[in-house]
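[1] Below: sequence and its predicted model.
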Amino acid sequence: MSEKRYFRQQNPFRVPTTDGKLIEEHIGWASTQTGQYSVAHMVAPPHWSEPHQNPEFDEITIVVRGRKQFEVDGDVIELGAGESLLIKAGARVRYSNPFDTEVEYWSICVPAFSMDTVNREDEPAS
């Protein structure tokens, strides 16, 4: 019998976080050792943010519920449920949820998300 040409993900990899954000990688390096692309489901709590980064991959975000804010090369963009945004590799970007409710979204990265290629900036000391 030949190898199946599909993969059903029933147990996504839950990325350990310390900031209250839920990250479930369905396809990617951590879950399926796939490097061509990654697909993750995320829920970010109110008033959450990440440091600026300069990824070496394209990233598509699709907001399911709530609102999410993006800073892309100096522009501030706010997405609501049902909207999507493509950020091309090499852009300086910061993701945040400065709002009072959580945001749920999906992220697709091409090639796959990797801590080695996200290029997060150090946060300034407070």
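    Received, thanks.
[2] Mind checking what secondary structure residue 100 has?
    Assigned by DSSP: H, G, I helix; E, B strand; the rest coil, the conformation of residue 100 is coil.
[3] All further residue positions should be reported with the first residue as 696.
    Renumbered: residue one is now 696, and that last one reads residue 795.
[4] Same question for stretch 752-772: list its buried residues.
    752, 753, 754, 756, 758, 761, 762, 763, 764, 765, 766 (16 or more other Cβ atoms under 10 Å). The C-beta positions use only the backbone N, C-alpha and C, and glycine is treated the same way.
[5] From the residues you listed, which land in strands?
    753, 754, 756, 758, 762, 763, 764, 765, 766 (DSSP state E).
[6] quick one: which of those residues is nearest to residue 808?
    Nearest to residue 808 among those, counting by Cβ to Cβ, is residue 754 at 7.7 Å.
[7] So residue 727 versus residue 749, what's the distance?
    26 Å (Cβ to Cβ, to the nearest Å).
[8] Between the two, tell me which one has more neighbours.
    The residue with more neighbours, out of residue 727 and residue 749, is residue 727; 17 against 14, by other Cβ atoms under 10 Å.
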